[in-house]
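> The sequence and its predicted three-dimensional model are supplied below.
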Amino acid sequence: MSLLAKLESSVRECGGLIVSCQPVPGSPMDRPEIVAAMAQAAVNAGAVAVRIEGIENLNAVRPLISVPIIGIIKRDMEDSAVRITPFLHDVDALANAGADIIAFDATFRPRPVAIEELISRIRHHGLLAMADCSTVEEGLNCQQLGVEFIGTTMSGYTTDVTPDQPDLVMVSELSNAGCRVIAEGRYNSPELAALAIDHGAWAVTVGSAITRIEHICHWFSDAVKR
Ligand SMILES: CC(=O)N[C@H](C=O)[C@@H](O)[C@H](O)[C@H](O)COP(=O)(O)O
């Protein structure tokens with residue numbers, strides 16, 4: 001059975017929860033062994049896939065879990081706002097470290113390497129692709145290019161203000177257009193994650209609300225301030 005068929009079957013059986021294990025950069029939690037423990041705990045609790053940033057973290061996670069790993073590399077560049085897996089050598093490094101799915105920024109912003117080239121490099125390694133998009137148009141572009149997973153990851157992050165709520169309209173529109181949608185970004189409660197599925201998402205990725213202790217603590221400490 002292909003990886004995609006296996007993943008589709010686990011989503012049908014266990015539901016479509018993907019856990020992004022990305023600690024706050026520089027946090028005491030930002031250590032490969034802790035990322036690996038988070039990934040294992042997430043899988044033990046029903047995650048059908050995990051999203052992992054960086055080669056060191058991927059190297060720590062890969063031997064410990066058998067579910068698919070969505071690999072990304074984040075870079076802060078001076079001449080481009082594109083951060084997620086911008087280069088062909090990033091794709092190569094993620095593939096060599098055992099990622100099954102490679103996610104990349106699929107926004108229409110100026111970028112160092114064309115989207116088509118990134119996709120063909122992912123295919124060269126025989127892997128699946130996920131497009132991290134900020135608009136429906138970007139998602140449809142990648143759907144036409146054959147990308148398996150269309151993520152709403154970048155919605156709200158290419159503009160000055162990031163809304164509090166997730167972009168469920170984008171989920172619906174992409175789903176109605178026939179995309180295999182991964183809802184991602186600000187699904188900070190089980191209720192919001194369920195709404196993503198109700199709006200047609202194939203799966204939902206949750207990061208901060210599960211794996212960023214500082215964010216969760218701030219939500220609670222703000223809530224109890226009087
Ligand atoms: C915009 C961007 O760079 N998003 C990143 C993508 O990998 C991560 O920082 C997010 O944590 C991830 O998308 C999950 O989202 P949330 O943490 O809201 O559940």
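Good, I have the coordinates.
> C-alpha from now on. contacts and neighbour counts both.
Will do.
> ranges for the helices of this structure?
3-14, 32-44, 55-61, 88-96, 115-124, 136-144, 168-176, 190-198, 208-211, 213-223 (DSSP state H).
> Can the third one be said to contact the ligand?
No. Helix 55-61 does not reach the ligand (Cα under 6 Å from any ligand atom); its nearest approach is 13.4 Å.
> wait, what's in contact with residue 170?
135, 136, 152 (Cα atoms under 8 Å, 6 or more residues apart in numbering).
> List the contacts of the nearest residue to the first one once chain neighbours are set aside.
Spelled out, it's residue 135. For residue 135, ignoring the flanking residues on the chain, the nearest one in space by Cα to Cα, 6 or more residues apart in numbering is residue 155 at 6.4 Å. Listed by Cα under 8 Å, 6+ apart, the contact set of residue 155 reads 133, 134, 135, 167, 185.
> How about the backbone phi and psi for the third one?
Its backbone dihedrals place residue 135 at phi -140, psi 160, with angles given as degrees, to the nearest 10.
> Count the neighbours of it for me.
Neighbours of residue 135 under the rule other Cα atoms under 10 Å: 23.
> Need the pLDDT of it.
Predicted confidence (pLDDT) for residue 135: 98.
> same question, residue 125
For residue 125, pLDDT reads 98.
> Go ahead and confirm it touches residue 95.
Yes. Applying Cα atoms under 8 Å as the test, residue 125 and residue 95 come out as touching, 6.6 Å apart.
> So which of those two has more stuff around it?
Ranked by neighbour count (other Cα under 10 Å), residue 125 and residue 95 place residue 95 first, with 21 against 14.
> ok, back up a step: turn the helices of the chain into JSON lines, including distance to residue 104.
Below are these laid out as JSON lines (distance: least, Cα to Cα, whole Å):
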{"stretch": "helix 3-14", "distance to residue 104": "18"}
{"stretch": "helix 32-44", "distance to residue 104": "20"}
{"stretch": "helix 55-61", "distance to residue 104": "15"}
{"stretch": "helix 88-96", "distance to residue 104": "9"}
{"stretch": "helix 115-124", "distance to residue 104": "8"}
{"stretch": "helix 136-144", "distance to residue 104": "11"}
{"stretch": "helix 168-176", "distance to residue 104": "18"}
{"stretch": "helix 190-198", "distance to residue 104": "21"}
{"stretch": "helix 208-211", "distance to residue 104": "19"}
{"stretch": "helix 213-223", "distance to residue 104": "24"}
